[in-house]
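Colleague: below are the sequence and a predicted model for it; my questions follow.
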Amino acid sequence: MDFVSPVLEVASRICNCVGDRADLLRRLPQNLKSLRTETEKLKNVYKDVKERVEREENLEKKKRTHVVDGWIGRAEAMEKEVNELLDRCDEENQKKCFGTCCPRNCRASYKLAKMVPEKMDAVAELQSEGSNFQEVAVPLPSPLVIERPLEEKPVVGLDSPFREVWGLLQHKQVGSIGIYGMGGVGKTTLLKKINNKFLQSSIKAFDIVIWVVVSRPTNLERVQETIRSRLQIPDDRWKGSEDDKATEICRILKTKKFVLLLDDIWEPLDLLRVGIPPLGDGNQSKIVFTTRSADVCGGMAAQKSIKVECLEEKEALSLFQAKVGEDTLNSHPDIPKLAEMVAKECKGLPLALIVIARAMASAQTPEEWESNLQKLRLYPKDVAGTENDLFSVLAFSYDSLPDEATKSCFLYCSLFPEDYKIPSKHVIQLWIGEGFLDEYDDIQEARNQGGKIIQMLKHACLLEVGSKPFLIDGEYVKMHDVIHDMALWLACEKGKKKYKFVVKDGVGLVSAQEVHKWKDAQRIALWNKTSIEKLKEPPRFPNTETIIVCMKRFMFASGFFTNMPIIRVLDFSNVKLYTLPVEIGNLATLQYLNLSGTRIKYLPIELKNLKKLRFLIMDGLPLVGPLPNQMVSSFSSLQLFSMKFFSYMSPTDVIMLLEELEQLEHINDISIELTSIQSIQRLFESHKLRRSTTFLRLTRCYGVNQVQLVSPSCIKELVLERCYELEEVKIIHFEKQAVPSKFPNPQCCFIHLLSVDINGCNKLLNLNWLIHAPKLQHLRISMCKNIEKVIEDERSEGSEIKSGLSMFSRLVCLSLNNMSKLESIYEHPLPFPSLRRITVWGCPRLKKLPFDSSICMSKNLENIIGRQRWWDGLEWNDQTLMHNLTPYFQPL
């Protein structure tokens with residue numbers, strides 16, 4: 001029986017094998033269903049991966065990884081293989097024995113049945129792999145530069161600044177370049193041209209060009225992210241704080257020769273905080289930025305600043321003609337000449353030229369052009385496109401202003417003529433008089449806020465810098481003509497109320513009929529060679545709050561001021577006005593009256609009735625005799641009184657005026673001129689007058705050899721002029737304890753003093769008391785021929801000077817003229833962190849300047865002015881300092 005066991009074992013194995021195969025065939029339908037399900041899941045994973053890849057390739061400009069690319073290929077092949085397997089299974093399933101479920105070809109069916117679970121495992125593995133991709137694409141190698149879109153036609157008017165900037169980029173000594181100019185002038189277009197110039201294959205001087213739009217408000221994180229994207233910094237190195245990210249940017253940029261293009265900067269950007277390494281050290285990297293403010297160029301320490309000006313007439317006409325089109329220009333012989341006239345009205349602003357050209361492109365008759373030209377001159381908003389495409393675009397800056405007060409201040413500037421340089425101090429004073437800043441009880445606080453508003457409007461490019469503030473009265477602002485037109489459009493409620501703001505500049509004679517249309521005017525401003533036809537009856541101004549008249553000569557018709565029930569502001573400064581109409585005394589609502597620079601010799605007693613008057617300004621008034629008795633003291637609401645540079649008031653009259661001012665409850669800002677020791681004593685004996693006086697001019701004080709200034713004081717501007725016998729200035733504390741001026745008590749501090757002008761005081765020896773004017777900004781000394789040292793420093797007392805005081809740390813402008821004995825400003829070097837200009841003239845013995853090395857680090861210094869011979873003769877303890885300051889020297 002030994003042969004039976006092997007036979008049974010073989011039979012058992014055959015049965016098991018047959019059983020396994022039968023089981024596999026039996027489970028085939030379920031396995032096929034599972035395979036189809038798993039394949040569908042794989043298809044979904046495949047779609048997700050493919051979409052991620054395509055999105056990152058198309059939108060993020062990345063390249064798929066080799067692993068992902070291989071997986072996609074295998075997934076596609078697997079899908080094909082599965083489909084083929086399923087088709088074969090379907091064919092076999094249709095070949096079963098008739099009337100049974102048994103396959104005809106068991107061997108082939110078994111083979112397919114065995115492949116199905118193998119494919120299921122392979123599909124599941126692919127599916128799992130595709131579901132776990134952390135990264136499907138990687139950044140492409142960074143190109144040198146990414147092209148910025150520009151118009152196909154050559155950009156008009158930017159060739160000159162482009163050549164200048166491109167030339168500076170090749171200059172080894174220039175690292176940072178600032179491009180500035182008003183909105184719509186083409187700064188961004190210029191920067192794009194510079195960017196795209198690097199696309200030329202011949203330019204290989206740099207490793208990478210990085211473009212960043214900064215915009216407003218500055219978002220440091222967004223700037224860093226833009227730079228990170230160009231540098232392709234991976235996620236694992238882009239973690240942590242702002243400083244950590246800056247460190248990573250700096251680490252990479254230090255290894256590259258880069259060009260950083262920063263567009264639309266509104267305020268100085270701290271490049272170190274961003275991660276930009278300091279330029280220099282031989283790496284020859286460059287930074288170019290655009291801004292609307294020249295001040296930002298200084299704040300960014302630009303080594304070169306280039307202003308993009310509005311286009312010249314020829315360039316402006318070329319741009320205008322290109323946008324209008326040849327068909328329109330050639331439609332009539334008169335149109336080219338009319339096109340020149342229309343283009344001139346845009347004053348070279350590219351945005352305005354483009355918008356107006358679009359409006360004129362369909363005008364093919366001379367009559368249409370003439371009509372639009374007239375509208376552009378008188379009512380720009382009536383020209384098609386100016387409201388929606390020009391004013392509305394420019395008005396975005398207006399709409400973005402933070403509050404109604406700031407918006408009112410901006411619109412108020414449209415009362416000044418086009419191209420007019422508006423004195424900042426004057427317009428701020430008007431804003432206060434109008435009540436725009438009434439939330440501030442103190443006039444100085446209101447002035448400070450007015451200064452902030454000026455800066456805000458400049459940063460918004462709604463105002464431009466008219467001149468630099470080297471003089472205490474010297475800062476001016478102005479409006480571009482197109483901004484001016486936009487402001488008037490807004491002030492007149494977007495053109496709906498044509499006469500709400502009436503501004504007439506050099507229009508000649510205004511008809512009586514026109515004047516009567518002003519009955520709805522809120523504000524009226526008449527400038528330069530404008531006069532009014534003789535009126536048969538007094539005009540009515542029931543809604544008028546403001547009248548500004550500024551021209552050489554103006555005659556008010558009888559009764560002109562009789563119908564102004566809500567008038568607040570009358571400004572007649574610098575008008576050749578010889579008499580003041582007495583009916584002004586009936587303007588019960590009047591709060592601001594400016595008669596400065598007029599020819600008025602007598603003031604009518606009727607002015608006493610102005611009980612609501614808060615501001616009375618009479619600078620330079622050639623009065624004959626005293627003011628009407630008790631007139632000033634009757635102004636019960638008066639806060640500001642200014643009477644500088646008057647001519648014919650006796651010392652007694654001045655003392656009487658001071659006594660009346662002292663009676664006023666609300667007075668807190670006095671500007672006055674004194675000519676005698678008695679009037680000086682009267683002012684400083686009064687706590688109210690001393691607290692309120694902000695401008696003091698002591699002139700022609702004959703017989704006065706000593707002036708005692710009382711501290712603490714609110715004086716901001718001090719003038720000592722032609723006090724020929726003045727030898728000494730003493731400071732008296734409010735407790736009336738005299739302190740020599742040489743080294744006064746540190747508690748006696750002139751904390752408010754901003755400007756000092758000393759002229760023709762020949763016996764003065766020094767100005768040591770200035771060490772206690774820590775906020776002094778402007779110092780002018782002239783024709784004081786005995787001063788040898790501005791600040792004396794005797795070693796026995798020198799430490800007192802240095803005790804915690806920042807001498808001249810706020811000084812902006814220093815002027816020294818015609819002082820033959822002057823040898824020293826101060827013995828020890830000082831940093832002068834705020835100094836912008838120093839002028840020296842006629843001081844042959846002044847051989848040293850008290851600058852320390854930090855003056856070269858100042859972002860404010862602009863020039864040092866003097867004779868070349870004087871500059872060449874200066875003595876320097878530090879030759880490096882001389883070399884660093886030489887570029888700032890400007891010979892007279």
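Modeller: It's in. Numbering: from 1, shown residues only.
Colleague: L262 is in what secondary structure piece?
Modeller: Using DSSP states H and E, L262 maps to strand 258-265.
Colleague: quick one: contacts of whichever helix or strand comes after that strand?
Modeller: Next along the chain after strand 258-265, taking DSSP H and E as the criterion, comes helix 271-274. Counting contacts by C-beta atoms under 8 Å, 6 or more residues apart in numbering, the residues outside helix 271-274 that touch it are L220, V223, Q224, I227, E242, D243, A246, I249, P278, I287, M300. For every residue, glycine as well, the C-beta is placed using N, CA and C.
Colleague: could you tell me which of those count as buried?
Modeller: Applying 16 or more other C-beta atoms under 10 Å to the contacts of helix 271-274, the neighbour count classes L220, V223, Q224, I227, A246, I249, I287, M300 as buried.
Colleague: C409 touches L457, doesn't it?
Modeller: Yes. Assessed by C-beta atoms under 8 Å, C409 is found in contact with L457 at 7.3 Å.
Colleague: among the two, which residue is more densely surrounded?
Modeller: Under the criterion of other C-beta atoms under 10 Å, the comparison of C409 against L457 puts C409 first, with 25 against 22.
Colleague: buried residues of the helix or strand hosting that one, list them for me.
Modeller: C409 belongs to helix 404-412 when assigned by DSSP H and E. Neighbour counts using 16+ other C-beta under 10 Å place A405, T406, K407, S408, C409, F410, L411, Y412 of helix 404-412 among the buried residues.
Colleague: so, low pLDDT: which residues of the stretch 1-150 of the chain?
Modeller: For the stretch 1-150 of the chain, applying pLDDT under 70 flags the ranges 1-22, 93-108.
Colleague: ok, P402 - how many residues close by?
Modeller: By the criterion of other C-beta under 10 Å, P402 has 9 neighbours.
Colleague: scratch that, D159 is what I was asking about
Modeller: So D159, with other C-beta under 10 Å, has 13 neighbours.
Colleague: run the chain-centre distance for stretch 290-303.
Modeller: The chain centre lies 10 Å from the centre of stretch 290-303; the measure is C-alpha atoms, centre = their mean, to the nearest Å.
Colleague: next, the distance between the ends of it.
Modeller: End-to-end distance of stretch 290-303 (C-alpha to C-alpha, to the nearest Å): 14 Å.
Colleague: which secondary structure element contains F641?
Modeller: Using DSSP H and E, F641 falls in strand 640-643.
Colleague: my bad, E445
Modeller: E445 is located in helix 443-459, with elements delineated by DSSP H and E.
Colleague: mind listing what's buried in the following helix or strand past that helix?
Modeller: Per DSSP H and E, helix 443-459 leads on to strand 464-467 as the next helix or strand towards the C-terminus. Neighbour-count burial for strand 464-467 flags E464, G466 (criterion: 16+ other C-beta under 10 Å).
Colleague: likewise stretch 871-890?
Modeller: Buried residues in stretch 871-890, counted by 16+ other C-beta under 10 Å: W871, L874, L881, M882, N884, L885, F889.
Colleague: check contacts around the first one.
Modeller: Contact analysis of W871 by C-beta under 8 Å, 6+ apart lists I864, F889, P891.
Colleague: using the three-state scheme, assign the first one.
Modeller: For I864, the assignment made with DSSP: H, G, I helix; E, B strand; the rest coil gives strand.
Colleague: parallel or antiparallel, list what pairs with the next helix or strand after the helix holding C409.
Modeller: Later in the chain than helix 404-412, the nearest helix or strand by DSSP H and E is strand 422-423. Strand pairing for strand 422-423, determined by DSSP bridges: strand 476-478 (antiparallel).
Colleague: could you export the contacts of helix 271-274 as CSV, including secondary structure, distance to N83 and pLDDT?
Modeller: Shown next, in CSV, are the contacts of helix 271-274 (DSSP: H, G, I helix; E, B strand; the rest coil; distance: C-beta to C-beta, whole Å; pLDDT from 0 to 100):
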residue, secondary structure, distance to N83, pLDDT
L220, helix, 55, 93
V223, helix, 52, 95
Q224, helix, 50, 96
I227, helix, 49, 96
E242, helix, 54, 93
D243, helix, 57, 94
A246, helix, 55, 95
I249, helix, 51, 96
P278, coil, 63, 91
I287, strand, 59, 96
M300, coil, 64, 92
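Colleague: noted, bye for now.
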